[in-house]
Structures are given as structure tokens and as C-alpha cells.
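A.B. asks: next come a sequence and a model predicted from it.
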Amino acid sequence: MWYSKSAEQGNVEAQNSLGSIYQEEKNYQGARLWFEKAAAKKNALALNNLAYLHDLGLGTEQNRKMAFDLYLQSADLGWGEAMWNLANMYGAGQVGAPDLYQACVWTMRAERFSANNGNLAMHVRQAKPQILKLLGGRASACEQEGNAWSPQTVNK
């Protein structure tokens, strides 16, 4: 009840939380509605959550291009999980041909911005050596590019 009241009054955190509650209940259309409201206010987590719905086609038609664009907006705000999602989209070729170099670059970025998310940090640590090995001679350039980048704004 309190989340609803606060969300209806425009509180972005409550809007995202209400979206998460609806998502947990598998009410994806309700989740999408609240994630869209919070995403419109540039909330990094809400952008990532909305991207996830588009990525998997939950409560909407699957649209990987839309998901990519939303993940990118979230990543540009410093959200590590969005960076990891971009790495996976590049690696799996979900928005074009597979691109291991870009998958590596986004993995490096996700590593830098996942310190507060233990589960994500573990996944990134496990994947990093494998992707660097696959890149061979391009691994150093990938690490440099990934580490040189900074998001527009870090959203905590």
C-alpha cells in the first residue's frame, strides 16, 4: 500500500519497487508500466529492469534492439548489471553478429561497476579469464578500452 501511494506521487524508487513487486507476481504488464515511469526519470535500475522485460518478451513483445538501447542507457548511468547484460548480448549475437571484443569490453566495464553486487561480481570474475583467452592478442586492447571508459553519471 505504501509503495503504491508513494509511486503514484512520483517517487522513482517506489515506482521501481512496485514494478519489481508486480514482476515477482508475474504481472509483467503492471511491472512494465511502473518500470517505464521510473525509467522516464532516468533511474538506472528501472532502465535495466525494463530492458529485461523487452529482452525476454515479458509483458510485451520481445524486442532485443529496445532491450539493448535500454541496457545501454542504464550502463551509461553506471549500472553494472546492465553492463553485464550488454556483454552477454554482444557475446550471444542477440543484436547482430556475435562480437567477442565488445563482449569483453563490456565485461571489463561490468567488473569495475559490480563491486556492490556479489553475485554479479562472481559471474564476471568467472567469465573474464575465458573471454580474455578467446580474444588472444586483442585481450590487452579490450582491457584498456574497458578500463578507460566511464559512465555519464554513476547512479548508486
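C.D. replies: That came through fine.
A.B. asks: tell me the gap between the helix or strand that Leu72 is a member of and the middle of its chain.
C.D. replies: Taking DSSP states H and E as the criterion, Leu72 maps to helix 64-76. Computed by Cα atoms, centre = their mean, to the nearest Å, the chain-centroid distance of helix 64-76 equals 7 Å.
A.B. asks: begin at 690 from now on, thanks
C.D. replies: Got it, first residue is 690 now, which makes that one helix 753-765.
A.B. asks: what's that helix packed up against?
C.D. replies: Applying 3 or more Cβ pairs under 8 Å, 6 or more residues apart in numbering; DSSP states H and E, we find helix 753-765 packed against helix 733-745, helix 769-781. Placement of C-beta: from N, CA and C, glycine included.
A.B. asks: pull the residues that contact it.
C.D. replies: If you take Cβ atoms under 8 Å, 6 or more residues apart in numbering as the criterion, helix 753-765 is touched by 728, 731, 733-734, 736-737, 739-741, 743-744, 770-772, 774-775, 778, 783-784, 795, 798, 840-842.
A.B. asks: pull out the buried positions in the helix or strand of the chain with the lowest mean pLDDT.
C.D. replies: Averaged element by element with mean pLDDT, DSSP states H and E, the chain has its least confident helix or strand at helix 691-697 (a mean of 87). In terms of neighbour count (16 or more other Cβ atoms under 10 Å), helix 691-697 has its buried residues at 692, 695-696.
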